[in-house]
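**Student:** here's a sequence, model it:
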Amino acid sequence: QVQLVESGGGLVQAGGSLRLSCAASGGPFSSYAMGWFRQTPGLEREFVAAINPSGGSPNHANSVKGRFIISRDNAKNTVDLQMNSLKIEDTAVYYCAAKRTSSTFYFVGQGEYDYWGQGTQVTVSS
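**Tutor:** Just a heads-up that it's a prediction; the model follows:
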């Protein structure tokens, strides 16, 4: 059983930056593909970024490509999301997710993930 705890959310002005971090415990972190998703009230949870177990093949949704960067540190059991040039439409609760896999793949579907964090609020103001 993997536990995921997100941190780093908050209030930021449009154009600013935030760095989210997700700390994992309870499992062999390097055996998990990791992802970030976000959700706004009334909308479905959407894919933001994903990375494979070794840290290769980072993948980002088109809406954040060029602004957000996912990375992981398997020695520290963390996965981060660096968010730059934030827009008002980035406002959401951001969730970290983990999927146990023996592959080198990343995963973009929320149904593919086994474990979820509690979420951290990111609010971008004008």
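**Student:** where does the protein dip in pLDDT?
**Tutor:** Filtered on pLDDT under 70, the chain yields no residues whatsoever.
**Student:** what about the closest residue to residue 57 other than its chain neighbours, how many residues close to it?
**Tutor:** Leaving aside its sequence neighbours, residue 57 sits nearest to residue 106 (Cβ to Cβ, 6 or more residues apart in numbering; 5.3 Å). The C-beta positions use only the backbone N, C-alpha and C, and glycine is treated the same way. A total of 21 residues lie near residue 106 under the criterion other Cβ atoms under 10 Å.
**Student:** ok, the residue nearest to residue 101 when sequence neighbours are not counted to residue 73 distance?
**Tutor:** Leaving aside its chain neighbours, residue 101 sits nearest to residue 33 (5.2 Å; criterion: Cβ to Cβ, 6+ apart). Note on residue 33: its distance to residue 73, by Cβ to Cβ, to the nearest Å, is 15 Å.
**Student:** tell me who's in contact with the residue sitting nearest the centre point of the chain.
**Tutor:** In the chain, the residue lying closest to the centroid (Cα atoms, centre = their mean) is residue 36, at 2.2 Å. For residue 36, the contact set (Cβ atoms under 8 Å, 6 or more residues apart in numbering) comprises 20, 22, 48, 49, 50, 70, 79, 81, 94, 95, 96, 97.
**Student:** make a ChimeraX selection of the buried ones in those residues.
**Tutor:** Applied in ChimeraX, the following selects the buried portion of these according to 16 or more other Cβ atoms under 10 Å:
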select :20,22,48,49,50,70,79,81,94,95,96,97
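**Student:** now, the contacts of residue 36 that are in strands?
**Tutor:** Those of the contacts of residue 36 mapping onto strands are 20, 22, 48, 49, 50, 70, 79, 81, 94, 95, 96, 97, per DSSP state E.
**Student:** could you dump these into TSV and include distance to residue 116?
**Tutor:** Output for the ones in strands among the contacts of residue 36, formatted as TSV (distance: Cβ to Cβ, whole Å):
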residue	distance to residue 116
20	14
22	10
48	13
49	15
50	14
70	16
79	13
81	15
94	11
95	6
96	7
97	5
